[in-house]
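Visitor: Build me a model from this:
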Amino acid sequence: MGPHLWVTEIFHSIQGESSYMGWPCVFVRLTGCNLRCVYCDTTYAFTEGRKMSVDEVVQCVQAMWEGAQAVQSARAGFPLVEITGGEPLLQKGVHGLAERLCDLGFTVLIETGGQLPIWTLDPRVIRIMDIKTPGSGHEHANLWENIEHLRPQDEVKFVLMDRRDFEWAVQVIQRYDLPRRAHVLLSPVYGVLDPKALAEWIVQSRLPVRMQIQLHKVIWGPEARGV
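Guide: Okay, here's the model as predicted:
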C-alpha cells in the first residue's frame, strides 16, 4: 500500500483563494497543525481524519476528476489539486503524494503556514506560503529562510486582522522585495477586517500585490465544510 497519510477530507469544489481563485479544484486536507492562529477556520483539521495510503488518496483524486478531459491533454493549469491542512508539511508522506500527482499531470498546489522548509518539495509543486502576521499570534514561527527559495510561480499570503497587520506586511514586502520573488496576496480575516478598508489601503500603498477574499465563504457561508 505504500506510505500513509492522515487525511481530514477530500473534496471537489471551487478554488476560493490564491491567483487560481475560481478554478474547479480537488482539495486534499491533511490532519494536524503545530500552530493555533487566532483566526483559524479549520480547527477540525487539528485532530479529525483517517489513515489513507498515498495510493488511496491518488485514486480518490482521480475519481473526482473522472469525466474531465484527460490530464495529458487538458489546458495548462488544469486539472488542479491543492494539498492543504492543517499544516500539510508535517506529514512526510506529503512529498510522495505531491510527486505522484505531478507525475500524473495534475497542477499541484500546496498551502503551508510557512514555518517548515518549502525547498524539500518537488520543484513542480506550486507553493502557497503564509507569512504569519502579529495578529495571528505566530509571528515568531515564520521560517524566513523560505523566502530565499521562492520562485515566480509561487505565492506568498498575508492574512490580516487590522491596520497594524497591514503596515507590518508592507514592511516585510518591501524589506524582502517580495513581488520580485513571487505573487503576493493580501487577505482580510473574514468577518474581522472590512475588505473595503483593505482595498483602500492597497490602492494608497501603490504596492504590486493582489487582494483576495475567501470566495468559498462568500458563496457557501463561513461555516460550510467540504467546499
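Visitor: Flag the shaky bits of this structure, pLDDT-wise.
Guide: When the per-residue scores of the chain are filtered using pLDDT under 70, the ranges that remain are 1-2, 67-78.
Visitor: residues making contact with stretch 35-43?
Guide: Counting by CB atoms under 8 Å, 6 or more residues apart in numbering, stretch 35-43 makes contact with 29, 33, 85-87, 113, 115, 132, 135-138, 141, 159, 161, 189-190, 192, 222, all of which sit outside it. (Glycine included, C-beta is placed from N, CA and C.)
Visitor: ok, residue 38 - how many residues close by?
Guide: 11 (other CB atoms under 10 Å).
Visitor: Now, the contacts of stretch 35-43 that are in strands?
Guide: The members of the contacts of stretch 35-43 that map onto strands under DSSP state E are 29, 159.
Visitor: Do a quick rundown of the strands in the protein.
Guide: Counting by DSSP E, the strands of the chain are 4-14, 24-30, 50-53, 80-84, 107-112, 126-130, 155-160, 183-188, 210-211.
Visitor: could you say what helices and strands the longest helix anywhere in the chain packs with?
Guide: Ranked by residue count and defined by DSSP state H, the top helix of the chain is helix 163-175. Under the contact criterion of 3 or more CB pairs under 8 Å, 6 or more residues apart in numbering; DSSP states H and E, helix 163-175 touches strand 155-160, strand 183-188, helix 195-205.
Visitor: Of those, flag the one that's most buried.
Guide: Between the helices and strands packed on helix 163-175, the one whose residues have the most neighbours on average, counting mean count of other CB atoms under 10 Å, is strand 155-160 (a mean of 24).
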